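no FASTA, just this:
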């Protein structure tokens, strides 16, 4: 499994793939997204963004989705959430 950091202005996003150097949507396994501070990480599959799908009538994907088949993918599922708490 391989991962690549995708730079965004709001949060840090890592795209995971089983194919080395191939991170397009058809080979993408999932994503790990960090919050602004880097204390919460969310692991999701390669589905569409549920909020943008609703707002755009089922069409839109993530900011980083450049795939024309995005509307045909199911809405993404959240697999895990890791939160760091200061003791």
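That came in fine, so what should we check first? Just so it is clear, the model here is predicted, and its values are computed rather than measured. Residues are numbered from 1 along each chain as shown.

got the contact list for the residue nearest the centre of the chain?
In the chain, the residue lying closest to the centroid (C-alpha atoms, centre = their mean) is residue 31, at 4.0 Å. Taking C-beta atoms under 8 Å, 6 or more residues apart in numbering, we find residue 31 in contact with 13-16, 43-46. Using the backbone N, CA and C atoms, a C-beta is placed for each residue, glycine as well.

And those, which is closest to residue 84?
When these are compared for distance to residue 84 (C-beta to C-beta), residue 43 comes out closest, at 14.7 Å.

On the three-state scheme, the closest one is what?
What DSSP: H, G, I helix; E, B strand; the rest coil gives for residue 43 is strand.

okay, it: pLDDT?
Residue 43 carries a pLDDT score of 90 in this model.

Tell me, how many residues neighbour the residue nearest to it when sequence neighbours are not counted?
Distance criterion C-beta to C-beta, 6 or more residues apart in numbering; nearest residue to residue 43, sequence neighbours excluded, is residue 80 at 4.2 Å. Residues contacting residue 80 under the criterion other C-beta atoms under 10 Å number 10.

Same question for residue 75.
Residue 75: 13 surrounding residues under other C-beta under 10 Å.

The closest residue to it other than its chain neighbours: how many residues sit nearby?
Of all residues not flanking residue 75 in the chain, residue 50 sits nearest, at 4.6 Å (C-beta to C-beta, 6+ apart). Using other C-beta under 10 Å, residue 50 has 13 neighbouring residues.

what ranges do the strands span in this protein?
In the chain, the strands defined using DSSP state E lie at 2-7, 12-17, 28-34, 40-45, 78-83.

mind putting those strands in TSV, distance to residue 72 included?
Supplementary listing: these in TSV, determined by distance: least, C-beta to C-beta, whole Å:
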stretch	distance to residue 72
strand 2-7	22
strand 12-17	19
strand 28-34	14
strand 40-45	15
strand 78-83	20
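
can you tell me which of the ones you listed the model trusts least?
strand 2-7 (a mean of 82).

Give me the sheet partners of that one and which way each runs.
Paired neighbours of strand 2-7 in the sheet (DSSP bridges): strand 12-17 (antiparallel).
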